[in-house]
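K.L.:
have a look at this fold, sequence not included:
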């Protein structure tokens, strides 16, 4: 994948979690540990049923990480 900032090739890797699933929550909705309840709306990045890793692209030049939502393989 090309970096959208500098157009250089990005390095593919993953972010891992060892115990709990990862979930993105908007800053104004952040409830800390309560983010993992169904009451807090967000985007699940990993699932407890899956491998607990999410595919991530990294640009060494720009020092940016990208996660493509289409790459998320979640059990719903």
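P.N.:
Received, thanks. Being a predicted model, the structure only gives us computed values, none of them experimental.
K.L.:
contacts and neighbour counts: CA atoms only from here.
P.N.:
Noted.
K.L.:
who's in contact with the residue most central in space within the chain?
P.N.:
Nearest to the mean C-alpha position of the chain, by C-alpha atoms, centre = their mean, lies residue 45 at 4.6 Å. Contacts for residue 45 (C-alpha atoms under 8 Å, 6 or more residues apart in numbering) come out as 21-24, 54, 72, 74.
K.L.:
out of those, who's the most crowded?
P.N.:
Most neighbours among the contacts of residue 45, by other C-alpha atoms under 10 Å: residue 54, with 22 neighbours.
K.L.:
from residue 72, how far off is that residue?
P.N.:
Distance of residue 54 to residue 72, computed by C-alpha to C-alpha, to the nearest Å: 7 Å.
K.L.:
now swap in residue 53 and tell me
P.N.:
Taking C-alpha to C-alpha, one finds residue 53 at 9 Å from residue 72.
K.L.:
give me the common contacts of these two.
P.N.:
Joint contacts of residue 53 and residue 72 (C-alpha under 8 Å, 6+ apart) are residue 46.
K.L.:
coming back round to it: and the contacts of residue 45, which two are furthest apart?
P.N.:
Greatest spatial distance among these (C-alpha to C-alpha): 24 and 74, at 13.7 Å.
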